[in-house]
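> Sequence first, predicted coordinates after that:
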Amino acid sequence: MRGAVLYGPRDVRFEERDTPRIIKSTDAIIRISATCVCGSDLWPYRGISPVTQPTPMGHEYCGIVEEVGSAVRSIKPGQFVIGSFFASDNTCPNCQVGYQSSCQHAEFVGTAQAPLLRVPLADGTLVATPDVPPDNLIPSLLALSDVMGTGWFAADAANVKPGTTVTVVGDGAVGLLAVLSAKHRGAERIIAVSRHPSRQKLARELGATDIVTERGDECVARIKDLTRGVGADAVLECVGTQESMMQAIQSTRRGGYVGYVGVPHGVELNGEKLFYAHVHLHGGPAPVRRFLPKLVDLVWNGKINPGKVFDLTLPLEQVAEGYRAMDERRAIKTLLRP
Ligand SMILES: [Zn+2]
């Protein structure tokens, strides 16, 4: 089969890769219905995270189960399934408290930009939909594999409840779906930080009530202005830079919450600033598996439509253009169909 392989900065190729097969009895092989390019794929694509050898890519997936190992019990061939970028047994102590992305047996699922994918720990990792979905639901179901689950975790970690004031830092796909998550959880006011007109428009469509275009200290000042000088109850940090993290901490009210899901790159927190900020900090790699049953239900019943973040759809063989379009910010998020 042919799939995506990253060779180095801005060099992603669609080329022959080993066809995945069952290695452990707990594995499943799925035929990918749709996969996509993640904002986090752009870190190695841009050479910010080093690529030392040709690396198969992709960690967002949904599709039809083709084959299962002899120990797999609940997942069956023919089912349409979605899983997280971390395979998890869903039974260990970390899984039991809802942190499946820290499963004691977690394995990264990182070869999904391909027609076929091996998923370890199939029973723990995969969630089946009630039936094989109609084609128009596939983008929204795919979004649950990472971006929607991650945006939802940001809102969950930041304790977003009905009536709260929320700020979302970051207008990538995760940030936009963090807006949708805050809206669905009943936030009264949602301030999106974005300087791009097309993303501002989508943020408003998804539930943002205010848009802030400033950055850094000016952004913090603007958010304070909008919140009677106190800051937001919850700030969802969906970028992962020093500036965005400090912006999030400083624009949270005393006793408020920062939910941070942007993968940190060079972020260092000053203990004294943190001490006097008086905020709750909670984040990390989203335990998407915890939220999948609920989010599948919301998509299945038409309550949310996170697939809206895909503004470019390409055949998988054009994966290189999919990366380029996101790198150049011509696309928010690229969906790939094998
Ligand atoms: Zn576990």
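Now that the structure is in, tell me what you want to look at.
> need the contact list for the closest residue in space to S40 that isn't next to it in sequence.
Nearest residue to S40, sequence neighbours excluded (CB to CB, 6 or more residues apart in numbering): V263, at 5.4 Å. Where C-beta positions appear, they are placed from N, C-alpha and C, glycine not excepted. By CB atoms under 8 Å, 6 or more residues apart in numbering, the contact set of V263 is 40, 43, 240, 285.
> what do you get for G207?
With contact taken as CB under 8 Å, 6+ apart, G207 is in contact with 179-180, 182-184, 187, 190.
> redo that, cut-off 6 Å
Residues near G207 by CB atoms under 6 Å, 6 or more residues apart in numbering: 179, 183, 190.
> isn't there a helix covering the second one?
Yes - counting by DSSP: H, G, I helix; E, B strand; the rest coil, K183 is part of a helix.
> Next SSE downstream of the helix or strand where P44 lies?
P44 is part of helix 42-45, with elements assigned from DSSP states H and E. Next in sequence after helix 42-45, counting helices and strands by DSSP H and E, comes strand 55-56.
> other SSEs contacting the helix or strand that that following strand is followed by?
Using DSSP H and E, the helix or strand that follows strand 55-56 towards the C-terminus is strand 61-68. Other elements packing on strand 61-68 under the criterion 3 or more CB pairs under 6 Å, 6 or more residues apart in numbering; DSSP states H and E are strand 28-36, strand 80-83.
> for the ones you listed, which one sits closest to the ion?
Evaluated over the helices and strands packed on strand 61-68, closeness to the ion peaks at strand 80-83, with 13.7 Å, by CB to the ion.
> what lines up beside the following helix or strand past that closest one in the sheet?
Next helix or strand after strand 80-83 toward the C-terminus (DSSP H and E): strand 86-87. Under the criterion DSSP bridges, strand 86-87 sits next to strand 107-108 (antiparallel) in its sheet.
> does the strand it pairs with come close to the ion?
No - with CB under 5 Å from the ion as the criterion, the ion is not reached by strand 107-108; the gap is at least 10.6 Å.
> For that strand, give the mean pLDDT please.
The predicted model assigns strand 107-108 a mean pLDDT of 96.
> Show me what it is in contact with.
Under CB under 6 Å, 6+ apart, the answer for strand 107-108 is 87, 120.
> So which bits of the helix or strand just after it are buried?
Following strand 107-108 in sequence order, the next helix or strand is strand 116-119 (DSSP H and E). Neighbour-count burial for strand 116-119, counted by 16 or more other CB atoms under 10 Å, picks out 116-119.
> do the same with stretch 69-76
Quick answer for stretch 69-76 (16+ other CB under 10 Å): 69, 72, 75.
> Can you report phi and psi for G98?
phi 90, psi 20 (degrees, to the nearest 10).
> One more: R253?
Per degrees, to the nearest 10, the backbone of R253 is at phi -70, psi 160.
> out of the contacts of G207, which is most surrounded?
Within these, most neighbours by other CB atoms under 10 Å means V179, with 31 neighbours.
> Against the ion, how distant is M326?
Separation of M326 from the ion (CB to the ion, to the nearest Å): 32 Å.
> Surely that residue forms part of a helix?
Yes - membership of M326 in a helix is supported by three-state DSSP.
> That one: neighbour count?
Using other CB under 10 Å, the number of residues around M326 comes to 24.
> Repeat that for the one 10 residues further on.
When neighbours are counted by other CB under 10 Å, L336 registers 27.
> Assess the claim that it and L316 are in contact.
Yes - L336 is within contact range of L316, at 4.6 Å (criterion: CB atoms under 6 Å).
> for stretch 15-35, which positions count as buried?
Residues of stretch 15-35 classed as buried by neighbour count (16+ other CB under 10 Å): 17, 20, 22, 26-30, 32-35.
> quick revisit: now distance to the ion and mean pLDDT too, for the helices and strands packed on strand 61-68, in TSV please.
Formatted as TSV, these follow (distance: least, CB to the ion, whole Å; pLDDT from 0 to 100):
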stretch	distance to the ion	mean pLDDT
strand 28-36	17	98
strand 80-83	14	98
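> With distance to V168 added, can I get the ones you listed in JSON lines?
Conversion of the helices and strands packed on strand 61-68 to JSON lines gives the following (distance: least, CB to CB, whole Å):
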{"stretch": "strand 28-36", "distance to V168": "21"}
{"stretch": "strand 80-83", "distance to V168": "24"}
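> The helix or strand K273 falls within: what's the following helix or strand?
Using DSSP H and E, K273 sits in helix 271-277. Moving toward the C-terminus from helix 271-277, the next helix or strand (DSSP H and E) is strand 280-283.
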